[in-house]
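Q: Here you go, sequence then predicted model.
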Amino acid sequence: MNEGLRRLVGEAWAFRTRVEQDAALRFTRLAASISSFDPGSPVIALMGRAAEDERRHAGLCAELAAAYGEPAAEGGPLPDIVPAELGPRAGVLYEVVAACCITETESVATLTTLLAGPSETRVREILHEIARDEVVHGRMGWAHLAREGGQTDVSFLGRWIPTMLDGTVDEGLFSAPGAEHDSEELLRHGVLPQAQKRSIFISTLEGVVFPGLEQFGVDPSAGRAWLAARRDVATAPA
(Lines give C-alpha, C1' and ligand atoms only; values in the text may rest on other atoms or scores of the structure.)
Protein backbone atom coordinates (compact mmCIF):
# COMPACT_ATOMS: atom_id res chain seq x y z
CA MET A 1 0.00 0.00 0.00
CA ASN A 2 1.39 3.41 -0.93
CA GLU A 3 1.58 6.23 1.58
CA GLY A 4 -1.41 8.06 0.12
CA LEU A 5 -3.71 5.08 0.55
CA ARG A 6 -2.29 4.33 3.99
CA ARG A 7 -3.09 7.87 5.07
CA LEU A 8 -6.66 7.61 3.73
CA VAL A 9 -7.25 4.35 5.59
CA GLY A 10 -5.81 5.74 8.83
CA GLU A 11 -7.94 8.86 8.55
CA ALA A 12 -11.05 6.76 7.91
CA TRP A 13 -10.50 4.67 11.05
CA ALA A 14 -9.66 7.79 13.09
CA PHE A 15 -12.92 9.36 11.90
CA ARG A 16 -14.82 6.20 12.83
CA THR A 17 -13.29 6.39 16.29
CA ARG A 18 -14.80 9.83 16.81
CA VAL A 19 -18.15 8.67 15.42
CA GLU A 20 -18.22 5.77 17.87
CA GLN A 21 -17.24 8.05 20.77
CA ASP A 22 -20.10 10.40 19.89
CA ALA A 23 -22.52 7.49 19.59
CA ALA A 24 -21.61 6.25 23.09
CA LEU A 25 -22.38 9.68 24.55
CA ARG A 26 -25.54 10.01 22.49
CA PHE A 27 -26.99 6.64 23.50
CA THR A 28 -26.26 7.33 27.18
CA ARG A 29 -28.09 10.65 26.93
CA LEU A 30 -30.98 9.18 24.95
CA ALA A 31 -31.49 6.38 27.49
CA ALA A 32 -31.85 8.97 30.25
CA SER A 33 -34.16 11.14 28.16
CA ILE A 34 -36.48 8.29 27.19
CA SER A 35 -36.71 7.13 30.81
CA SER A 36 -38.00 10.60 31.76
CA PHE A 37 -41.18 10.29 29.67
CA ASP A 38 -41.53 6.54 28.96
CA PRO A 39 -39.90 4.65 31.85
CA GLY A 40 -41.42 1.35 30.72
CA SER A 41 -39.78 1.41 27.30
CA PRO A 42 -37.56 -1.60 26.53
CA VAL A 43 -35.44 0.74 24.40
CA ILE A 44 -33.88 2.26 27.53
CA ALA A 45 -31.93 -0.89 28.38
CA LEU A 46 -30.99 -1.36 24.71
CA MET A 47 -29.59 2.18 24.61
CA GLY A 48 -27.53 1.52 27.73
CA ARG A 49 -26.00 -1.60 26.23
CA ALA A 50 -25.48 0.19 22.92
CA ALA A 51 -23.47 2.92 24.68
CA GLU A 52 -21.17 0.23 26.09
CA ASP A 53 -20.87 -1.32 22.62
CA GLU A 54 -19.89 2.00 21.09
CA ARG A 55 -17.20 2.64 23.68
CA ARG A 56 -15.73 -0.76 22.84
CA HIS A 57 -16.03 -0.01 19.10
CA ALA A 58 -14.17 3.28 19.60
CA GLY A 59 -11.26 1.38 21.12
CA LEU A 60 -11.19 -1.07 18.21
CA CYS A 61 -11.31 1.72 15.62
CA ALA A 62 -8.57 3.61 17.45
CA GLU A 63 -6.43 0.47 17.35
CA LEU A 64 -6.68 0.34 13.57
CA ALA A 65 -6.23 4.09 13.13
CA ALA A 66 -2.95 3.85 15.04
CA ALA A 67 -1.88 0.78 13.07
CA TYR A 68 -2.25 2.81 9.86
CA GLY A 69 -0.33 5.75 11.29
CA GLU A 70 -3.21 8.06 12.27
CA PRO A 71 -3.70 7.99 16.07
CA ALA A 72 -7.25 9.02 16.93
CA ALA A 73 -7.79 11.97 19.25
CA GLU A 74 -10.28 11.96 22.09
CA GLY A 75 -13.69 13.21 21.04
CA GLY A 76 -14.98 16.60 22.12
CA PRO A 77 -18.42 17.60 23.40
CA LEU A 78 -21.36 15.87 21.75
CA PRO A 79 -22.87 18.11 19.07
CA ASP A 80 -26.57 18.88 19.38
CA ILE A 81 -28.24 17.72 16.18
CA VAL A 82 -31.86 18.41 17.16
CA PRO A 83 -33.67 21.39 15.55
CA ALA A 84 -34.35 24.04 18.18
CA GLU A 85 -38.05 24.24 17.42
CA LEU A 86 -38.75 20.64 18.45
CA GLY A 87 -39.94 19.91 21.97
CA PRO A 88 -38.09 17.49 24.27
CA ARG A 89 -39.94 14.30 23.34
CA ALA A 90 -40.10 15.10 19.64
CA GLY A 91 -36.41 16.01 19.78
CA VAL A 92 -35.54 12.61 21.24
CA LEU A 93 -37.49 10.90 18.47
CA TYR A 94 -35.71 13.01 15.84
CA GLU A 95 -32.33 12.09 17.31
CA VAL A 96 -33.14 8.38 17.58
CA VAL A 97 -34.36 8.22 13.98
CA ALA A 98 -31.31 10.13 12.71
CA ALA A 99 -28.80 8.15 14.77
CA CYS A 100 -30.33 4.68 14.52
CA CYS A 101 -32.87 4.32 11.71
CA ILE A 102 -30.61 6.20 9.30
CA THR A 103 -26.98 6.18 10.50
CA GLU A 104 -26.89 2.72 12.09
CA THR A 105 -28.86 1.17 9.21
CA GLU A 106 -26.39 2.67 6.75
CA SER A 107 -23.52 1.38 8.89
CA VAL A 108 -24.87 -2.17 8.75
CA ALA A 109 -25.07 -2.01 4.96
CA THR A 110 -21.50 -0.72 4.74
CA LEU A 111 -20.11 -3.35 7.11
CA THR A 112 -21.99 -6.15 5.34
CA THR A 113 -20.46 -5.09 2.04
CA LEU A 114 -16.96 -4.94 3.49
CA LEU A 115 -17.33 -8.36 5.09
CA ALA A 116 -18.44 -9.87 1.78
CA GLY A 117 -14.98 -9.34 0.30
CA PRO A 118 -11.40 -10.17 1.30
CA SER A 119 -9.79 -8.13 4.06
CA GLU A 120 -6.80 -8.14 6.36
CA THR A 121 -7.23 -10.52 9.30
CA ARG A 122 -7.44 -7.96 12.13
CA VAL A 123 -9.55 -5.61 10.03
CA ARG A 124 -12.01 -8.43 9.38
CA GLU A 125 -12.19 -9.38 13.06
CA ILE A 126 -13.02 -5.81 14.01
CA LEU A 127 -15.53 -5.32 11.19
CA HIS A 128 -17.32 -8.50 12.26
CA GLU A 129 -17.50 -7.46 15.91
CA ILE A 130 -18.85 -4.01 15.08
CA ALA A 131 -21.36 -5.34 12.53
CA ARG A 132 -22.83 -7.77 15.07
CA ASP A 133 -23.69 -4.89 17.39
CA GLU A 134 -24.76 -2.34 14.78
CA VAL A 135 -27.61 -4.57 13.65
CA VAL A 136 -29.09 -4.30 17.15
CA HIS A 137 -28.48 -0.56 17.29
CA GLY A 138 -30.44 -0.03 14.09
CA ARG A 139 -33.30 -2.17 15.32
CA MET A 140 -33.64 -0.25 18.57
CA GLY A 141 -34.24 2.92 16.56
CA TRP A 142 -37.06 1.31 14.63
CA ALA A 143 -38.44 -0.09 17.90
CA HIS A 144 -38.54 3.39 19.43
CA LEU A 145 -40.20 4.84 16.33
CA ALA A 146 -42.82 2.08 16.43
CA ARG A 147 -43.48 2.66 20.13
CA GLU A 148 -43.80 6.41 19.71
CA GLY A 149 -45.99 5.93 16.66
CA GLY A 150 -48.41 3.95 18.80
CA GLN A 151 -48.72 6.82 21.28
CA THR A 152 -48.43 10.03 19.26
CA ASP A 153 -48.33 11.46 15.75
CA VAL A 154 -44.84 10.94 14.30
CA SER A 155 -45.61 12.27 10.82
CA PHE A 156 -43.87 15.58 11.65
CA LEU A 157 -40.57 13.79 11.04
CA GLY A 158 -41.15 13.79 7.28
CA ARG A 159 -40.15 17.42 6.79
CA TRP A 160 -36.99 16.87 8.81
CA ILE A 161 -35.57 13.93 6.85
CA PRO A 162 -33.40 16.20 4.62
CA THR A 163 -31.91 17.80 7.73
CA MET A 164 -31.12 14.38 9.15
CA LEU A 165 -29.49 13.34 5.90
CA ASP A 166 -27.43 16.53 5.71
CA GLY A 167 -25.97 15.56 9.07
CA THR A 168 -25.24 12.02 7.89
CA VAL A 169 -23.51 12.55 4.55
CA ASP A 170 -19.74 12.75 4.42
CA GLU A 171 -18.39 15.82 2.69
CA GLY A 172 -17.77 15.01 -0.95
CA LEU A 173 -19.88 11.83 -1.09
CA PHE A 174 -21.69 13.09 -4.19
CA SER A 175 -18.67 14.76 -5.80
CA ALA A 176 -16.15 13.24 -8.19
CA PRO A 177 -13.56 11.25 -6.21
CA GLY A 178 -9.82 11.34 -6.66
CA ALA A 179 -8.15 8.19 -7.93
CA GLU A 180 -6.97 7.13 -4.48
CA HIS A 181 -10.43 7.58 -2.94
CA ASP A 182 -11.82 5.08 -5.44
CA SER A 183 -9.04 2.49 -5.22
CA GLU A 184 -10.24 -1.11 -4.84
CA GLU A 185 -7.27 -1.70 -2.53
CA LEU A 186 -9.11 0.25 0.19
CA LEU A 187 -11.55 -2.65 0.64
CA ARG A 188 -8.89 -4.92 2.16
CA HIS A 189 -8.39 -2.36 4.89
CA GLY A 190 -12.03 -1.79 5.81
CA VAL A 191 -12.71 1.31 3.73
CA LEU A 192 -15.17 1.59 0.86
CA PRO A 193 -14.11 3.29 -2.38
CA GLN A 194 -16.15 6.46 -2.72
CA ALA A 195 -18.28 5.39 -5.68
CA GLN A 196 -19.24 2.17 -3.92
CA LYS A 197 -19.93 4.04 -0.69
CA ARG A 198 -22.28 6.38 -2.55
CA SER A 199 -24.03 3.45 -4.23
CA ILE A 200 -24.62 1.69 -0.90
CA PHE A 201 -25.83 4.90 0.71
CA ILE A 202 -28.39 5.42 -2.06
CA SER A 203 -29.59 1.82 -2.17
CA THR A 204 -29.99 1.67 1.61
CA LEU A 205 -32.06 4.83 1.66
CA GLU A 206 -34.26 3.67 -1.20
CA GLY A 207 -34.55 0.03 -0.17
CA VAL A 208 -34.62 0.17 3.63
CA VAL A 209 -34.80 3.60 5.26
CA PHE A 210 -37.48 5.32 3.18
CA PRO A 211 -39.82 2.29 3.07
CA GLY A 212 -39.28 1.76 6.80
CA LEU A 213 -40.22 5.33 7.64
CA GLU A 214 -43.25 5.13 5.39
CA GLN A 215 -44.41 1.98 7.17
CA PHE A 216 -44.59 3.94 10.44
CA GLY A 217 -46.50 6.88 8.97
CA VAL A 218 -43.58 9.17 8.10
CA ASP A 219 -43.78 10.52 4.55
CA PRO A 220 -40.27 10.18 3.00
CA SER A 221 -41.06 12.42 -0.01
CA ALA A 222 -38.80 15.24 1.20
CA GLY A 223 -35.99 12.75 1.72
CA ARG A 224 -36.47 11.33 -1.77
CA ALA A 225 -36.34 14.86 -3.23
CA TRP A 226 -33.14 15.54 -1.26
CA LEU A 227 -31.58 12.37 -2.67
CA ALA A 228 -32.70 13.08 -6.23
CA ALA A 229 -31.10 16.54 -6.12
CA ARG A 230 -27.77 15.13 -4.98
CA ARG A 231 -27.83 12.36 -7.53
CA ASP A 232 -28.34 15.00 -10.22
CA VAL A 233 -25.25 16.83 -8.97
CA ALA A 234 -23.22 13.61 -8.93
CA THR A 235 -24.16 12.73 -12.50
CA ALA A 236 -23.96 16.24 -13.98
CA PRO A 237 -21.24 16.73 -16.64
CA ALA A 238 -18.08 18.36 -15.30
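A: The structure has been received and is ready for your questions. Because the structure is a prediction, the values reported are computed rather than measured.

Q: For the residue nearest in space to the middle of the chain, which non-adjacent residue is closest in space?
A: Closest residue to the average C-alpha location of the chain: residue 103 at 2.4 Å, with Cα atoms, centre = their mean. Once flanking residues are discounted, residue 103 sits nearest to residue 168: 5.7 Å by Cβ to Cβ, 6 or more residues apart in numbering. (Glycine included, C-beta is placed from N, CA and C.)

Q: ok, residue 200 touching residue 114?
A: No: using Cβ atoms under 8 Å, residue 200 makes no contact with residue 114, being 9.8 Å away.

Q: Return the helix or strand in the protein with minimum mean pLDDT.
A: When the helices and strands of the chain are scored by mean pLDDT, DSSP states H and E, helix 221-235 comes last with a mean of 87.

Q: Show residues contacting that helix.
A: Counting contacts by Cβ atoms under 8 Å, 6 or more residues apart in numbering, the residues outside helix 221-235 that touch it are 158-159, 161-162, 164-166, 169, 174-175, 198, 202, 205-206, 209-210, 213.

Q: again, but for stretch 195-209
A: Stretch 195-209 has contacts (Cβ under 8 Å, 6+ apart) with 101-102, 105-106, 109-110, 113, 165, 169-170, 173-174, 177, 182, 192, 220, 223, 227, 231, 234.

Q: quick one: which of those sit in helices?
A: Taking DSSP state H, the ones among the contacts of stretch 195-209 that sit in helices are 105-106, 109-110, 113, 165, 223, 227, 231, 234.

Q: Now flag whichever of these is closest to residue 82.
A: Ranked by distance to residue 82 (Cβ to Cβ), these are led by residue 165 at 14.9 Å.

Q: How many residues are close by residue 185?
A: 14 (other Cβ atoms under 10 Å).

Q: Could I get the pLDDT score of it?
A: As predicted, residue 185 sits at a pLDDT of 94.

Q: tell me which element the closest residue to it other than its chain neighbours is part of?
A: Nearest non-adjacent residue to residue 185, counting by Cβ to Cβ, 6+ apart: residue 5, 6.0 Å away. Assigning secondary structure by DSSP states H and E places residue 5 in helix 3-37.

Q: so what's residue 180 closest to, chain neighbours aside?
A: Spatial nearest neighbour of residue 180, excluding adjacent residues (Cβ to Cβ, 6+ apart): residue 4 at 5.0 Å.

Q: Pull up the gap between residue 35 and residue 47, please.
A: Look at residue 35 and residue 47: by Cβ to Cβ, to the nearest Å, they are 9 Å apart.

Q: between those two, who's got more neighbours?
A: Taking neighbours as other Cβ under 10 Å, residue 35 and residue 47 compare with residue 47 leading, 26 against 16.

Q: ok now do the more buried one, which residues does it touch?
A: Residue 47 is in contact with 27-28, 30-31, 34, 140, counting by Cβ under 8 Å, 6+ apart.

Q: Would you indicate which residues of stretch 223-237 are buried?
A: By neighbour count on 16 or more other Cβ atoms under 10 Å, the buried set for stretch 223-237 is 223, 226-227, 230.

Q: for those residues, which one is nearest residue 73?
A: If you rank the buried residues of stretch 223-237 by distance to residue 73 using Cβ to Cβ, residue 230 comes first, at 29.9 Å.

Q: can you map out the strands along the protein?
A: Assigned by DSSP state E, the chain shows no strands.

Q: what about it, any weak spots by pLDDT?
A: By pLDDT under 70, the low-scoring segments of the chain are 234-238.

Q: Look up how far residue 29 lies from the nearest residue to residue 182 once chain neighbours are set aside.
A: With sequence-adjacent residues excluded and distances taken as Cβ to Cβ, 6+ apart, residue 182 is closest to residue 193, at 4.4 Å. For residue 193, the distance to residue 29 (Cβ to Cβ) stands at 34 Å.
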